[in-house]
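Q: Task: produce atomic coordinates for the following.
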Amino acid sequence: MWRPDALVKRFASGEVITFLTVGGLGYVVDVGAFNALRSAPGLATADPSFARILAVALAMVVTYLGNRLVTWRGQSRGDRRREIGLFVAFNMVGLALSVVTLVISHDLLGLTSRLADNVSANVIGLALGTLFRYWSYRRFVFAAPAPVTPRVARVTPPDQRPSELTSAA
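A: Purely as a prediction, here's the structure:
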C-alpha cells in the first residue's frame with residue numbers, strides 16, 4: 001500500500017533525490033548521445049531509430065550503474081543477471097508509457113503540434129515512466145533481501161501424541 005509518510009521518509013533519507021539525480025543524468029546522456037549520433041559523420045543520414053536505440057542503451061547503462069552504486073548501494077540480492085534483466089524490462093515499460101501518452105495525444109486526441117508531442121511524451125510520459133521506474137526498481141530490482149526467518153519445528157509432547165494402540169471395541 002502507498003503511504004505518503006513513507007515517501008517523505010525516503011525524500012528525507014535522500015533516496016528519492018538520488019534516484020531523480022541519477023535519472024536526470026541518464027536523461028542528459030540519452031539526449032546528448034542521440035544528438036551526437038545524429039550529427040556524426042556517416043550517421044547523420046542513417047535512420048534515427050539507430051541513434052535512438054544506442055542512446056537509450058547508453059543511458060540505461062548509466063542509470064543502472066548510478067542506481068546500483070549510489071541510490072541503492074547497500075541492497076543487493078547477489079544475482080546480477082536477474083537484477084539487470086529486471087532493470088531492462090522495467091525500463092522498457094517506462095519507455096512504453098511515454099510512447100503510449102504520445103500515441104494518445106497525437107493519434108487519438110489529434111494534438112499534433114511539436115509542443116503537444118513534447119508535453120505528452122517528455123512531460124506526462126516521462127513523469128509516469130519515472131514514477132513506475134522508482135516503484136519497480138525499489139520493489140523488485142534493488143529490493144533489500146527478505147529477512148530469513150528460521151522455521152521452528154513443532155514438537156508434540158509424548159503425552160499428547162495419538163496412541164498407536166487403539167482399542168477395537
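Q: so how far is A96 from the nearest residue to V88 once chain neighbours are set aside?
A: Excluding its sequence neighbours, the residue lying closest to V88 (Cβ to Cβ, 6 or more residues apart in numbering) is M60, at 6.6 Å. C-betas here are computed from N, CA, C, even on glycine. Using Cβ to Cβ, to the nearest Å, M60 is found at 14 Å from A96.
Q: Neighbour count: these two, which is higher?
A: Using other Cβ atoms under 10 Å as the criterion, M60 and A96 rank with M60 on top: 19 against 13.
Q: Need the pLDDT of the more buried one.
A: pLDDT for M60: 96.
Q: again, but for P157
A: So P157 comes in at 68 (pLDDT).
Q: before we move on, what about V152?
A: The model reports V152 with a pLDDT of 67.
Q: what do you get for the one 10 residues further on?
A: Among the per-residue scores, P162 holds a pLDDT of 65.
Q: G66 sits in which helix or strand?
A: helix 48-66 (DSSP states H and E).
Q: List the neighbours of that helix that are in contact with it.
A: 21-23, 25-27, 29-31, 33-34, 37-38, 43, 84, 87-88, 91, 95 (Cβ atoms under 8 Å, 6 or more residues apart in numbering).
Q: Could I get the CA-only coordinates of that helix as PDB?
A: Taking Å, rounded to 0.1, in the frame of the first residue of the first chain, the C-alpha atoms of helix 48-66 are listed here in PDB:
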ATOM      1  CA  PRO A  48      17.200   8.000 -36.500                       C
ATOM      2  CA  SER A  49      15.900   4.800 -34.800                       C
ATOM      3  CA  PHE A  50      19.500   3.500 -34.800                       C
ATOM      4  CA  ALA A  51      20.700   6.600 -32.900                       C
ATOM      5  CA  ARG A  52      17.600   6.300 -30.500                       C
ATOM      6  CA  ILE A  53      18.400   2.700 -29.700                       C
ATOM      7  CA  LEU A  54      22.000   3.400 -29.000                       C
ATOM      8  CA  ALA A  55      21.300   6.500 -26.900                       C
ATOM      9  CA  VAL A  56      18.700   4.700 -24.800                       C
ATOM     10  CA  ALA A  57      21.100   1.700 -24.300                       C
ATOM     11  CA  LEU A  58      23.900   4.000 -23.100                       C
ATOM     12  CA  ALA A  59      21.500   5.900 -20.800                       C
ATOM     13  CA  MET A  60      20.300   2.600 -19.300                       C
ATOM     14  CA  VAL A  61      23.900   1.600 -18.500                       C
ATOM     15  CA  VAL A  62      24.500   5.000 -16.800                       C
ATOM     16  CA  THR A  63      21.200   4.800 -14.800                       C
ATOM     17  CA  TYR A  64      21.800   1.200 -13.800                       C
ATOM     18  CA  LEU A  65      25.300   1.900 -12.500                       C
ATOM     19  CA  GLY A  66      24.100   5.100 -10.800                       C
END
